[in-house]
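Asker: how does the following fold in three dimensions:
(chains A, B, C and D, ligands or ions: 4)
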Protein chains: 2
Amino acid sequence: MASLTEENYLKALFNLEIEKGKITLSDLANQLQVSLPTANSMVKSLKKQDWVHQEKYKPLALTLSGRDLAASIIRKHRLTEMFLVKMMNFGWEEVHEVAEQIEHVHSPKFFQRMDELLGHPTVDPHGSPIPDQNGKLEVAQYSPLTQTTPGQRVKLQGLANSSSEFLAYLNSKELFLGITVEVLSKELFDQSMVVCYPNHPKEVLSEKVAERLLVQSAPEVS
Amino acid sequence: MASLTEENYLKALFNLEIEKGKITLSDLANQLQVSLPTANSMVKSLKKQDWVHQEKYKPLALTLSGRDLAASIIRKHRLTEMFLVKMMNFGWEEVHEVAEQIEHVHSPKFFQRMDELLGHPTVDPHGSPIPDQNGKLEVAQYSPLTQTTPGQRVKLQGLANSSSEFLAYLNSKELFLGITVEVLSKELFDQSMVVCYPNHPKEVLSEKVAERLLVQSAPEVS
DNA sequence: CAAATTTGTTAGAATACTCTAACTTTGTAA
DNA sequence: TTACAAAGTTAGAGTATTCTAACAAATTTG
Ligand SMILES: [Mn+2]
Ligand SMILES: [Mn+2]
Ligand SMILES: [Mn+2]
Ligand SMILES: [Mn+2]
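Answerer: Numbers count the residues shown, from 1 in each chain, chains lettered A, B, ... in the order given. Ligands and ions are numbered 1, 2, ... in the order given. As a prediction, this is how the structure comes out:
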């Protein structure tokens, strides 16, 4: 059985594989905020348990069972975040830290009940997909708001970054998942965008913000 | 900050103090299923952090801050058990293992929300009192059913033992907390008791069972 | 009360996870 | 294509938690 530490390594490997395609030891060490030798020795132990493939000086890769284990932990993390928001009145900016702990709880029934009480959600409060019981992950193809052009109407579906600072900013601007945003204009100089959405007829979003807002290109028309 | 291991030691010390009055190292080691030297060295480290008093070859005692910490963990454990039963449809025989893990989660808000959603419960699903936010523990004075005499009507308020085997037995006999039990007779030979309670006009309880059922001597009269 | 038993302590070692320092391999770029 | 930089590895060590073996103190008991 994987220790809490090993579970965190597997989760990091899973996320790096999705974000960057191939996994380097440096990225892993950086992600987990440990030294290179620490990551190196832990990877050796993950290899011994057949959760990662590793050859000297080569990039890393999760094995099938490693990926399954990682997906199950990420499933628990995201179900927990959703449960905290929907059932326990947490804000979406408050849930990550708690989920980081609860994801390590061993109790299939506990997470099954969360899943049932939530009606089998497919995304977490930040729009990230929840792996299903078999470890399958629906990778929705959203694009950053920066790639839209004036006149377009799009639906806010996800976030490229879920830091609590960014989430607090979105709260203050009443920018929530699911809302429809219309692009009014784009500033050539700094790529900032003027948009409108419910209760906000004219709001300026910096490039920094816009590139972190993931939208659905073709929103259903009213 | 206390590690998960230290938290479990503090909890054990707290419970031993209540159950036995004074705390011996042997009891502690036995409770936690570790060797005597292991308990000894951990107690030294708890002493260094000023959570226990310890003198060579003398019984142990929690310090004020140690007791507070222990009470807060037991509060989290029992709130969690109540939450699992009332909000997540767990049986009372299934919650202890999960609570054993969740009690170590660091998030005041998480347990505050449990408390609120449950309406500030004062006991856990097995009748054990939940310490309040200040670490105060209401020690209700219940007595075992063995100490009642035929003709008496009492209310089942707690359990002297909450092993899942015992709880499963109680489930099968529909013996739940809060029901009123009338003692019909007591067998002199083996101390077994014949009782009656809702849906069970005549049920025999062994001494083993009866001594684990904690009842309120003076039930409110109808 | 002296022997036997129980309880507590010390010493020494193992495993898990982490670090820094030193070294090697790989990839880049002049 | 050699030199420099980046990435990866090895060696050696520290903390936390646990163990067994050996020993010492305290308690119980005949
Ligand atoms: Mn998260
Ligand atoms: Mn985690
Ligand atoms: Mn319990
Ligand atoms: Mn515990």
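
Asker: how about the helices of chain A, start to end?
Answerer: If DSSP state H is used as the criterion, the helices of chain A fall at A:4-20, A:25-32, A:36-48, A:64-88, A:95-102, A:108-117, A:164-172, A:207-210.

Asker: make CSV out of those helices and add mean pLDDT and distance to A:V194.
Answerer: In this view, the C-beta of every residue, glycine as well, is placed from N, C-alpha and C. Below are the helices of chain A laid out as CSV (pLDDT from 0 to 100; distance: least, Cβ to Cβ, whole Å):
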stretch, mean pLDDT, distance to A:V194
helix A:4-20, 97, 30
helix A:25-32, 98, 36
helix A:36-48, 98, 44
helix A:64-88, 98, 30
helix A:95-102, 98, 31
helix A:108-117, 98, 40
helix A:164-172, 97, 17
helix A:207-210, 98, 11
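
Asker: which residues touch the residue in chain A that ligand 2 sits nearest to?
Answerer: At 4.1 Å from ligand 2, A:E100 is the closest residue in chain A, using Cβ to the ion. Going by Cβ atoms under 8 Å, 6 or more residues apart in numbering or on different chains, A:E100 touches A:H77.

Asker: get me the contact residues on chain A for DNA strand D.
Answerer: A:T24, A:L25, A:S26, A:L36, A:P37, A:N40, A:S41, A:V43, A:Q54, A:K56, A:Y57, A:P59 (Cβ under 7 Å from any atom of the strand).

Asker: okay, now the closest residue to the first one other than its chain neighbours: neighbour count?
Answerer: Closest residue to A:T24 in three dimensions, ignoring its sequence neighbours and counting by Cβ to Cβ, 6 or more residues apart in numbering or on different chains: A:P59, at 5.8 Å. With neighbours defined by other Cβ atoms under 10 Å in any protein chain shown, the count for A:P59 comes to 15.

Asker: just A:L13 next, same as before
Answerer: Neighbour tally, A:L13, other Cβ under 10 Å: 25.

Asker: so it makes contact with A:L62?
Answerer: Yes. The pair A:L13 / A:L62 is scored as a contact, 5.4 Å apart, by Cβ atoms under 8 Å.

Asker: shared neighbours of the two, anything?
Answerer: A:I23, A:V52, A:A70.

Asker: what's the closest of these to A:E116?
Answerer: Minimum distance to A:E116 across the shared contacts of A:L13 and A:L62 is 23.4 Å, recorded for A:A70 (Cβ to Cβ).

Asker: ok, the closest one - contacts?
Answerer: Counting by Cβ under 8 Å, 6+ apart, A:A70 has contacts A:L10, A:K11, A:L13, A:F14, A:L62.

Asker: for B:M1, see how far away it is.
Answerer: According to Cβ to Cβ, to the nearest Å, A:A70 and B:M1 sit 28 Å apart.

Asker: which residues touch A:A160?
Answerer: Contacts of A:A160 by Cβ under 8 Å, 6+ apart are A:P144, A:E211, A:R212, A:L213, A:L214.

Asker: what's the burial count for the closest residue to ligand 4 within chain A?
Answerer: Nearest residue of chain A to ligand 4 (Cβ to the ion) works out as A:V105 at 11.3 Å. Number of residues near A:V105 (other Cβ under 10 Å) recorded here: 17.

Asker: and for it, nearest residue in space, chain neighbours not counted?
Answerer: Nearest residue to A:V105 in three dimensions, chain neighbours excluded: B:Q101, at 4.9 Å (Cβ to Cβ, 6+ apart).
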